[in-house]
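Chemist: predicted model, plus sequence, below.
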Amino acid sequence: MPIIASSAASAASVAPHVATAASAGAAWWAQGFWTSELAKGLPAAFVALVIGLAAAGIAWRQAKIASAKLKLDLFEQRFAIFLAVWRAVSAPGIKTVNLDEEVTGIANMPSQTAFLCGRPLGQYVREVRDKLARYRDLGGSGVDLLAFDVTQPLRDAERVRLRAWFALEAAGNCHERFRPFLDFSTWK
């Protein structure tokens, strides 16, 4: 029996401590411990939230500006290519233009155009370059290659055909091919 009596005595000695802890918990809440601790952290959390939102807004605007700058840089490079190609297709119609300079000016543009505008436009620029070089070689610049040649009528016919092709390209076909890359409403 001494064991049961000692258990009862220890239970009686623990009971006041449990009651004290329970009443202390109620005292913390009643005194506003939790609410006052949370209230102390609210201004810091609010400031952190405002700073985070401001940083996110600035980052979003910087991303939009960087995207617009990239598009503008691409447009400038594509426009430079367009001007060089348009000048090349217009060259056979202008007597004062040196065709050697025009062929040299667009010599490396097919690969650059393919990179910036796509393969089909790069192939078009290659076609312009090759036809312009052929036109120059046929004496398109007004300089006769040979004083007397039995193939001159054939060369003249090809030169006339190439000149007509260049006239069509300069009149609008060149611009139509570049239009998707030079249109501000649909940036690519």
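Modeler: Looks like it arrived, so ask away.
Chemist: which helices and strands sit right next to the host helix or strand of Ile58?
Modeler: Counting by DSSP states H and E, the secondary-structure element that holds Ile58 is helix 33-90. Packing contacts for helix 33-90, counted by 3 or more C-beta pairs under 8 Å, 6 or more residues apart in numbering; DSSP states H and E, involve helix 99-105, helix 109-117, helix 119-137, helix 174-182. In this view, the C-beta of every residue, glycine as well, is placed from N, C-alpha and C.
Chemist: I'd like the distance from that helix to the chain centre, please.
Modeler: Relative to the chain's own centre, helix 33-90 is displaced by 14 Å; criterion: C-alpha atoms, centre = their mean, to the nearest Å.
Chemist: sorry, back to before: JSON lines please, covering the helices and strands packed on helix 33-90 and showing distance to Ala59.
Modeler: Formatted as JSON lines, the helices and strands packed on helix 33-90 follow (distance: least, C-beta to C-beta, whole Å):
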{"stretch": "helix 99-105", "distance to Ala59": "42"}
{"stretch": "helix 109-117", "distance to Ala59": "28"}
{"stretch": "helix 119-137", "distance to Ala59": "35"}
{"stretch": "helix 174-182", "distance to Ala59": "29"}
